[in-house]
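**Q** The sequence isn't on hand, but the structure is:
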């Protein structure tokens, strides 16, 4: 299975183009999305008023759990090298240089992707919350997919890292949302 994962990685990472390098670099960056996150916070506050603090706290908890599970627990436990750190792949993969001119390789270990876990946690939670009131809320999954794919494009994650990270993020979002909804009936109050 790991060989298949590597083969798929090489195909996807090989689909690079010079004009995509800079956009993918920014798509992968955490600071890039700050205005987007602020817009989401604004929309949540506008829609939910007094209950917005609880939702923002629940989203922060969900993303924090996703990040901790993948970065603090899984990466050191499984110790699977990122493709960018695999010596046998060095001549086959497309890597980008960072702002210092050094090849960007990410941290040593990559299983599972915290970028995928965090973005799918956010997308899933907000989708569950506003699926009946925000017409285009499903587009958040396209955003999460794009952020996740950028990690393969940059050569720092295998597809399996992404799939497991996305499943963890979505699963945690489902769990936290379900728990919050059972306690507060927040989804009923949004519909009315």
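**A** Perfect, I can see it now. The shown structure was predicted, so the numbers you read here are calculated from the model rather than taken from an experiment. Residues are numbered from 1 along each chain as shown.

**Q** Now do the host helix or strand of residue 117, average pLDDT.
**A** Assigned by DSSP states H and E, residue 117 belongs to helix 114-130. Mean pLDDT, helix 114-130: 97.

**Q** Which strands and helices lie in contact with that helix?
**A** Identification of packing neighbours for helix 114-130 by 3 or more Cβ pairs under 8 Å, 6 or more residues apart in numbering; DSSP states H and E yields helix 34-48, helix 52-67, helix 139-153, helix 159-184, helix 186-191. No exception for glycine: its C-beta is placed from N, CA and C like everyone else's.

**Q** same thing but at 6 Å, please
**A** Judged by 3 or more Cβ pairs under 6 Å, 6 or more residues apart in numbering; DSSP states H and E, the packing partners of helix 114-130 are helix 52-67, helix 139-153, helix 159-184.

**Q** which residues of this structure score low on pLDDT?
**A** Applying pLDDT under 70 to the chain flags the ranges 186-192.

**Q** rewinding a little: same list, the helices and strands packed on helix 114-130, but as CSV with mean neighbour count and distance to residue 112 please.
**A** Converted to CSV, the helices and strands packed on helix 114-130 look like this (neighbours: other Cβ atoms under 10 Å; distance: least, Cβ to Cβ, whole Å):
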stretch, mean neighbour count, distance to residue 112
helix 52-67, 18, 10
helix 139-153, 20, 11
helix 159-184, 20, 4
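
**Q** Turn those into TSV, columns for distance to residue 26.
**A** Listed next are these as TSV, based on distance: least, Cβ to Cβ, whole Å:
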stretch	distance to residue 26
helix 52-67	20
helix 139-153	9
helix 159-184	18
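
**Q** To residue 86, which of the ones you listed lies closest?
**A** The closest of those to residue 86 is helix 159-184. By Cβ to Cβ, the value is 12.6 Å.
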